[in-house]
Structure formats: structure tokens, C-alpha cells
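Asks: show me how the following folds:
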Amino acid sequence: MKQAVLFPLLLILSLPVTSAHAQITTSQYDNMRTGATLTETALTPQNVNAKQFGKLGAFKVDGVVYAQPLFAPGVEIPGKGKHDVLFVATEHDSVYAFDASNPSDAPLWQTSFLDDKRQVTTLSSMT
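Replies: Numbers count the residues shown, from 1 in each chain. Got it, this is the predicted structure:
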């Protein structure tokens, strides 16, 4: 009887411990839209200051970005490896995937939902 209990315990203890980046895939960090990030560990008052924190660059896209960009860590991009990815959608019906750490690099991929054959066209923000 002791062996049957011991084996699962040893199996559980032998599993590798991994830490994962938090993925924030909803507005305001949670379904309640509180905006609270109660588990934040990377940003602290000591490392968020004018000398160590700020704009790193800008990503070039084909139009105005109205939607909230989405950050997803450790995404496998076919043929390009694993990247921390910033997904961005524009008013011109384009979606981009950028390497979040390298704003001056070309997009990892870009696609457009426009389709002249189906008369799917972009609308100006002025209409």
C-alpha cells in the first residue's frame, strides 16, 4: 500500500518546475475590468523610472490603430522561431505580428482582410 502512494508522489515531485510569463489577453487585465495587476513581479518602483524605463521605438503600420494591441510571450512563428509577439490591427483591415523586443525590425508577418473581388474595402476614419 505504501508503494502505491509513494510512486505518484515521486512522479509529481520529479516533474520539472516551469515559470510562465503572464498573458494578459483581456481588457484591463481581468474579466472584472479592474485594471489591477496583483501578480506583477517584473515592474517595480525601483526599475520603472526615467533612466531605465521608456519608449524603445515605434512599429510601422499602414493605418491608425484603434484596437488594443495584444502581447503574447513565447509564440512560435513558423520558420522564424519563438518570439515575444505584439499583435496589432489597423483601420485598413491589416493585422501585424511584431517581435515586441525589436520595434525597428520588419513584421514577423502581416495579413490584410481586404478583398477587391468581394468588394471588401477599407473605410476612412473620417466617414
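Asks: what about the residue nearest to K80 when sequence neighbours are not counted, neighbour count?
Replies: Computed as CB to CB, 6 or more residues apart in numbering, the closest residue to K80 that is not its neighbour in sequence is L108, at 5.6 Å. C-betas here are computed from N, CA, C, even on glycine. Using other CB atoms under 10 Å, the number of residues around L108 comes to 20.
Asks: how about the one 5 residues further on?
Replies: Other residues near F113 come to 11 when the count uses other CB under 10 Å.
Asks: also the one 10 residues further on?
Replies: Per other CB under 10 Å, the neighbour tally for L123 reads 9.
Asks: that's a helix at K117, yeah?
Replies: Yes. Checked against DSSP: H, G, I helix; E, B strand; the rest coil, K117 lies within a helix.
Asks: model confidence for it, exactly?
Replies: We have a pLDDT of 90 for K117.
Asks: that one: what's it in contact with?
Replies: Taking CB atoms under 8 Å, 6 or more residues apart in numbering, we find K117 in contact with no residue.
Asks: make 153 the starting number, not 1.
Replies: All set: I'll call the first residue 153, so the last point we hit is now K269.
Asks: kindly provide the distance from it to T193.
Replies: When distance is defined by CB to CB, to the nearest Å, K269 is 50 Å away from T193.
Asks: against F223, how distant is the residue nearest to K232?
Replies: In terms of CB to CB, L260 sits 13 Å off from F223.
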